[in-house]
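**Student:** What follows is a protein structure lacking sequence information:
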């Protein structure tokens, strides 16, 4: 009887140890130390846009993904001392890519919205911002948003502002899967305007092929900051801390503004303001501090 009791006790102990081990390892999130996993594999996988010229697009000469955000991704890989692997994404593919862990993070013109915060973690501080405007033929003479009522306006599927513009301005948004399809529809006259981020329109208008006949005529709406996106379960992780400090360094060192100039993008008010804020000193050190905390001033985020 004693032997039987001893065996039962031993089995109970082994089961308890096994359960504790499974809770701490097997069933713990495999991404709990995502930053360490990235370092161990020696590769940082970053999702970037593949259809937004200057921000993230395929260079037709080399087939490589190039743009301001791929450059920022390269900066992150350099800070980690690992190789960079870029994954080109369309707007509609971004959230799925991070949720399925096809990529470690998103640097893909990702506007920070409440809906997206329910599905992933947005790294603070924001690294950029944009609003919504249109690209239209000069001859259309649009001057305010009500001018677009009942007009056919092309946009990107998955853009957060599509519904807001439809509701607020009565715009008939034709949401196409690929941005290149929207651009082609505008050129071919199948749409009266292209609904797009103002920063990207500014970049497009640097090309004489666009500036000759097209313009960005309306006041910008829905100015929204952009953030690096990571998996929702990586909130509070070392990866989030690393990325947050990297963005702080970008602002403090003028990295974003330098890349704007490199890619021929006019330096935006947002990048200038953030650079000023993160460089500003007080008697106690930097106004914004050296890390994002609950006490970080709103102007620094």
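**Tutor:** The structure has been received and is ready for your questions. Every value quoted in this text rests on a predicted model; they were computed, and no experiment measured them.
**Student:** buried set for the helix or strand hosting residue 223?
**Tutor:** Residue 223 is located in strand 221-231, with elements delineated by DSSP states H and E. The neighbour-count check on strand 221-231 (16 or more other CB atoms under 10 Å) flags 221, 222, 224, 225, 226, 227, 228, 229, 230, 231 as buried. Where you see a C-beta, it was placed from the backbone N, CA and C, and this is true even at glycine.
**Student:** One more: stretch 167-186?
**Tutor:** Buried, per 16+ other CB under 10 Å, within stretch 167-186: 169, 171, 173-176, 179-183, 185-186.
**Student:** hey, where'd the helices end up in the stretch 51-200 of the chain?
**Tutor:** 68-80, 94-99, 114-117, 162-169, 179-187, 198-204 (DSSP state H, counting those that start in this stretch).
**Student:** Point out where the stretch 1-150 of the chain drops to low pLDDT.
**Tutor:** Within the stretch 1-150 of the chain, the ranges that satisfy pLDDT under 70 run 1-32.
**Student:** which residue ranges form the strands in the stretch 151-300 of the chain?
**Tutor:** For the stretch 151-300 of the chain, applying DSSP state E, counting those that start in this stretch gives strands covering 152-156, 172-176, 193-197, 214-215, 221-231, 281-282, 285-286.
**Student:** Can I get the ones you listed in a markdown table including mean pLDDT and distance to residue 75?
**Tutor:** Converted to a markdown table, the strands of the stretch 151-300 of the chain look like this (pLDDT from 0 to 100; distance: least, CB to CB, whole Å):
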| stretch | mean pLDDT | distance to residue 75 |
| --- | --- | --- |
| strand 152-156 | 92 | 26 |
| strand 172-176 | 89 | 32 |
| strand 193-197 | 93 | 22 |
| strand 214-215 | 96 | 33 |
| strand 221-231 | 94 | 12 |
| strand 281-282 | 90 | 24 |
| strand 285-286 | 90 | 21 |
